[in-house]
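**Student:** For reference, the sequence and a predicted model appear below.
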Amino acid sequence: MKSYDEVNSILNRHELVACDTTLRDGEQTAGIVFSNVEKYRIAQLMDDANVQQIEAGIPTMGADEKKAVRHIARMGLNASILGWNRADIQDIDTSIDCDVDSVAISMSSSDIHIEHKLKKSREWVLDKVVESVEHAKAHGLYVSCNGEDASRADMDFLLQFAQAAKEAGADRFRYCDTIGRELPSTCHDRVKKIIDTVGIDVEMHTHNDFGMATANCIAGIEAGARFASTTVMGIGERSGNAPLEEIVMAAKHLLCKDFGIIPLKLKPLAEFVSVAADRPIPVYKPFLGSNCFAHEAGIHADGIIKDAQNYEPYDPEEMGLERTIVIGKHSGRNTLVTKLKEHGIELGDEDASALLDLVRRYSVKLHRCISDEELVALYADLKRGQNPFED
């Protein structure tokens, strides 16, 4: 178990901090269950990538969950290990028993939740927040106090919530867009208001119900939030969470802000999580999918052949991806000329036009792109005067 000072040192080495919750919120995805052995491997891969804080699970669930959290806390990882809790002293004591160095303490902050889920009052909520945070701090733990459903909370009460947590000793406030209904513009303004008014570090925890998880997380970071709650590939309840790989790379390339995470380590991590979760990585998945640097359209492929910067937003080698020029219905003549040159064939203008017609018809007929070998075969057919589309 790391000391409080050691945790603070870990969380202050870089401008931004990832607190990855794949093992908690990610596993709450309907149908996903990680074995404990898989959890240990995922934690190790995260640590290898320099993820600063790992939300290892919910100790109060007991049984295998508690065993897994305790094991991860004792693996000797460089990362801080955090256990998730309700604002309940018994929950926190269970986390303490697992040797975690940090706790997340979660409490509803919106009137919708307070009145219809908890059936309590705002005063009761604040009392529970103060009681639980003080208890955790008395045991030397680093504390993230989570405002569940913060995006739908009354702003004045949310400020009281964050202020009460800070005065009780909380190290940061987790702004939770629990049902993914936030807009980047309002998210930015609300997070900035919390930081300016309360003066507490803020963590973004965003869900993707309206496809806004990454945008809202980045908006919060623009507003001054230092912490991002993420999951690998964005797995999570309902439509998922903000993906670790998207947040790290968007912050780096669009905001020029650094998490200190190694991009090359993110793809192996995602590939392991994909297998363990039985959730294949879509070919179009940003930063992970096989189509990230696949070019077929003639104008794009021609631009890439001339200079990759024309149509590529970052270097594929940064994520361990590969650039591919695909031959298909949308290919242009220059792509065919370039591809055949790789095979020692010089293609003239007249042959290029004739071959392009064959390629497009062939691709439509097969409902797919064609391989280099098929391209060479079509060229051979062309030179022999054979047309595969003649009766």
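**Tutor:** Received the coordinates, thanks. Residues are numbered from 1 along each chain as shown.

**Student:** part of a strand, is Ser106?
**Tutor:** Yes: assessed with DSSP: H, G, I helix; E, B strand; the rest coil, Ser106 lies in a strand.

**Student:** That one reaches Trp84, doesn't it?
**Tutor:** Yes: between Ser106 and Trp84 there is a contact under CB atoms under 8 Å: 6.8 Å. In this view, the C-beta of every residue, glycine as well, is placed from N, C-alpha and C.

**Student:** Checking the residue nearest to Glu222 when sequence neighbours are not counted next. Helix, strand or coil?
**Tutor:** What sits nearest to Glu222 in space, not counting adjacent residues and going by CB to CB, 6 or more residues apart in numbering, is His188, at 6.0 Å. What three-state DSSP gives for His188 is helix.

**Student:** Run a quick neighbour tally on His188.
**Tutor:** 20 (other CB atoms under 10 Å).

**Student:** so who does it touch?
**Tutor:** His188 makes contact with Ala219, Gly220, Glu222, Ala223, according to CB atoms under 8 Å, 6 or more residues apart in numbering.

**Student:** so which of those comes closest to Glu203?
**Tutor:** Comparing those against Glu203 with CB to CB picks out Gly220 as the nearest, at 8.5 Å.

**Student:** Which helix or strand contains the nearest residue to that closest one once chain neighbours are set aside?
**Tutor:** Nearest non-adjacent residue to Gly220, counting by CB to CB, 6+ apart: Met204, 3.9 Å away. Element membership for Met204, per DSSP states H and E: strand 201-206.

**Student:** Neighbouring strands of that strand in the sheet, and parallel or not?
**Tutor:** strand 172-177 (parallel), strand 227-230 (parallel) (DSSP bridges).

**Student:** So for Ile345, which of these sits nearest?
**Tutor:** Nearest to Ile345, of these and by CB to CB, is strand 227-230 at 47.3 Å.

**Student:** circling back to that earlier point, across the sheet, point out what pairs with the residue nearest to Gly220.
**Tutor:** Where Met204 sits in a bridge, its partners, by DSSP bridges, are Tyr175, Ala228.

**Student:** What is the burial count for it?
**Tutor:** Neighbour tally, Met204, other CB under 10 Å: 28.

**Student:** Wait, it touches Ala251, no?
**Tutor:** No: counting by CB under 8 Å, Ala251 is not a contact partner of Met204; they are 11.0 Å apart.

**Student:** Check the contact lists of those two and give me the overlap.
**Tutor:** Counting by CB under 8 Å, 6+ apart, the residues touching both Met204 and Ala251 are Ile221, Ala228.

**Student:** What's the local residue count around the residue lying closest to Asp97 once chain neighbours are set aside?
**Tutor:** Distances taken as CB to CB, 6+ apart put Pro59 closest to Asp97, at 7.2 Å, once the chain neighbours are dropped. When neighbours are defined as other CB under 10 Å, Pro59 has 26 of them.

**Student:** Please give me every residue in contact with Pro59.
**Tutor:** Glu65, Lys66, Val69, Arg70, Gly83, Asn85, Asp91, Thr94, Ser95, Asp97, Cys98, Val100.

**Student:** Over to Ala73?
**Tutor:** Applying CB under 8 Å, 6+ apart, the residues contacting Ala73 are Met1, Ala56, Ile81, Cys98, Asp99, Val100, Asp101.

**Student:** One more pass at 7 Å, please.
**Tutor:** Applying CB atoms under 7 Å, 6 or more residues apart in numbering to Ala73 gives the contacts Met1, Ala56, Ile81, Cys98, Asp99, Val100.

**Student:** got it, and Asp372?
**Tutor:** Contacts of Asp372 by CB under 7 Å, 6+ apart are Lys339, His343.

**Student:** three-state assignment of Glu312?
**Tutor:** From three-state DSSP, the assignment for Glu312 is coil.

**Student:** Is Glu246 in contact with Ala215, as I believe?
**Tutor:** No: with contact defined as CB atoms under 7 Å, Glu246 does not count as touching Ala215 (9.8 Å).

**Student:** Strands of the chain, residue ranges please.
**Tutor:** Using DSSP state E, the strands found in the chain span residues 17-20, 53-57, 80-86, 102-108, 142-148, 172-177, 201-206, 227-230, 294-295, 324-325.

**Student:** For the third one, the averaged confidence score.
**Tutor:** Going back to what we said before, that points to strand 80-86. Mean pLDDT, strand 80-86: 98.

**Student:** can you give me the angle it makes with strand 53-57?
**Tutor:** Orientation check (axes from the mean of the first three to the mean of the last three CA atoms, to 10 degrees): strand 80-86 against strand 53-57 gives 40 degrees.

**Student:** what does the element among helices and strands of the chain having the smallest mean pLDDT contact?
**Tutor:** Ranked by mean pLDDT, DSSP states H and E, the helix or strand of the chain with the weakest confidence is helix 298-306, at a mean of 81. With contacts defined as CB under 7 Å, 6+ apart, helix 298-306 is touched by His295, Asn310, Tyr311, Glu312, Ile325, His330, Ser331, Gly332, Asn334, Thr335, Thr338.
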